[in-house]
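> here is the input, now give the coordinates:
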Amino acid sequence: MGIAWREAPEDLVGLLRLHGLTPDRVDNVEIAWKAFREFLAQPVDGLEPGLDSDADSFIVQWGRYSWHDRLPSLSFTRQFAVDAQETWTETDRYQPEMWQVSLDLVFADAPALADLDKLDVQDTGFNFSPPGPARNHAIGKAEWTVQHHPTLQALWASTPVHSAVTLDRAD
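Numbering: from 1, shown residues only. I've put the predicted structure just below:
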């Protein structure tokens, strides 16, 4: 039995606290990533049964976004396709609802981060591997991406000035 998808943000907050981090003031990206990796290993209940492994995915994103005042940011996101058939009132074909639990980290501007929005990649791409060995392999590939970009290494080594755990509808 897994955690209920609506309780997933609280689970992530609990893991961050377990690692000594304050969710709205994360001060160590490496430790936050460790907590997020543990979060990715948790099974989740209430997902769309018809999608099998496509109901649970993750992505790591970075860049300068207007909603963060164009400051450098890094987001760890887990996306769920939620079974909402009971509440579906549309006459069109049923579609599951997409929800995202994210840990957003925002950083002060620094010369080492100047090229963040000019990188050839802005995210790791969504990975739909289920928790277990396949997801662990995908996590390793995401880490490899970060380790092979000096700007991302600098971002990872920086201390965020703001952070937040959110649950938002993605569609």
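> verify the contact between Gln79 and Asp54 for me.
No - Gln79 lies out of contact with Asp54 (CB atoms under 8 Å); the separation is 10.1 Å. Yep, even glycine has a C-beta here, placed from its N, CA and C like the rest.
> which of those two has more neighbours?
Ranked by neighbour count (other CB atoms under 10 Å), Gln79 and Asp54 place Gln79 first, with 18 against 14.
> is that one in a helix, a strand, or coil?
strand (DSSP: H, G, I helix; E, B strand; the rest coil).
> okay, Gln85: pLDDT?
Residue-level confidence at Gln85 comes out at 58, pLDDT.
> likewise for the one 5 residues further on?
Predicted confidence (pLDDT) for Glu90: 60.
> residue contacts, His148?
By CB atoms under 8 Å, 6 or more residues apart in numbering, the contact set of His148 is empty.
> other SSEs contacting the helix or strand hosting Glu143?
Assigned by DSSP states H and E, Glu143 falls within helix 133-147. Contacts defined by 3 or more CB pairs under 8 Å, 6 or more residues apart in numbering; DSSP states H and E place helix 133-147 against helix 29-41, strand 56-64, helix 150-157.
> now render the ones you listed as a markdown table, adding mean neighbour count.
Formatted as a markdown table, those follow (neighbours: other CB atoms under 10 Å):
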| stretch | mean neighbour count |
| --- | --- |
| helix 29-41 | 18 |
| strand 56-64 | 21 |
| helix 150-157 | 16 |
